[in-house]
Every structure is written in C-alpha cells, then in structure tokens.
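**Student:** need a 3D model of the sequence below.
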Amino acid sequence: MGYSSDVTDKEWGIIEPLLPIKKKTRPPVWTKRQILNGILYQLKNGCNWADLPKDLPPYSTVFWHYKQWCEDGVLDKIMTELHRRVREQVKKKPQ
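**Tutor:** Residues are numbered from 1 along each chain as shown. The predicted structure follows:
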C-alpha cells in the first residue's frame, strides 16, 4: 500500500543519484527510497514525526536522515534539480 506522497519510479530515477552514498558498514534495514517516502509523508501531512505510519521506517530513522540531508544540503540539491527540470519542460531558462 502506498501513499500519495510516495515517489514514483520515474521520480526516484531522478532523485536517487542525488542522495549521498553510505559507507559500506552493514546492509541497511531501510532503503533510501523508504526513508525519503517517510520524509515526504511527514512534510505533506504535517504530522508529528512519531505519528508516521508503522509501515514506514521508524520516525527516529526518518528524522535523523531528514536532519542530516538538510544540514548537508541534499534536500536543497534535490529541489534545485527538480526545479530545473520543470523549467525545461515548460521551455524556460533553467535559472
């Protein structure tokens, strides 16, 4: 079961290369896509982090990644790339 805030396969193809590569320590329990879907769910619905649905990663994991990606500029980089692509679609200058 998905949520309206979940990224599509096409969207994921654009976003995935923009996310940081984790050092190989052990296999992750949750994929970056699941974590991003958790972030987008919270941002869209405005719920408390602790109120994320149970089929998404734990809120502590989602919030930790959200905080890290904000601090590292990852979310800004994603927004910039998506903005550029939308402007190209409507035949406007990328900036």
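
**Student:** let me know the average pLDDT across stretch 24-43.
**Tutor:** When pLDDT is averaged along stretch 24-43, the result is 92.

**Student:** show residues contacting that stretch.
**Tutor:** 3, 5-7, 12, 15-16, 19, 22, 47, 49, 52-53, 56-57, 59, 61-62, 65-66, 69 (C-beta atoms under 8 Å, 6 or more residues apart in numbering). All C-beta atoms are positioned from the backbone trio N, CA, C, and that covers glycine.

**Student:** at the geometric centre of this protein, which residue sits there?
**Tutor:** L36 (3.0 Å; C-alpha atoms, centre = their mean).

**Student:** picking up where we left off before, can you tell me which of the contacts of stretch 24-43 are in helices?
**Tutor:** Among the contacts of stretch 24-43, DSSP state H puts W12, I15, Y59, T61, V62, H65, Y66, W69 in helices.

**Student:** out of the residues you listed, who's the most crowded?
**Tutor:** Within the ones in helices among the contacts of stretch 24-43, neighbour counts (other C-beta atoms under 10 Å) peak at V62, which reaches 23 neighbours.

**Student:** in what helix or strand does the closest residue to it other than its chain neighbours lie?
**Tutor:** Of all residues not flanking V62 in the chain, G38 sits nearest, at 3.7 Å (C-beta to C-beta, 6 or more residues apart in numbering). Take DSSP states H and E as the rule and G38 turns out to sit in helix 32-45.

**Student:** export that helix as CSV, just CAs?
**Tutor:** The C-alpha trace of helix 32-45 is given here as CSV (Å, rounded to 0.1, in the frame of the first residue of the first chain):
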residue,chain,number,x,y,z
LYS,A,32,16.8,5.4,1.0
ARG,A,33,13.5,5.4,-1.0
GLN,A,34,11.6,4.2,2.0
ILE,A,35,13.2,6.9,4.1
LEU,A,36,12.5,9.6,1.6
ASN,A,37,8.9,8.5,1.4
GLY,A,38,8.7,8.8,5.2
ILE,A,39,10.1,12.4,5.0
LEU,A,40,7.7,13.3,2.2
TYR,A,41,4.7,11.8,4.1
GLN,A,42,5.5,13.9,7.2
LEU,A,43,6.1,17.1,5.2
LYS,A,44,2.9,16.6,3.2
ASN,A,45,0.7,15.7,6.1
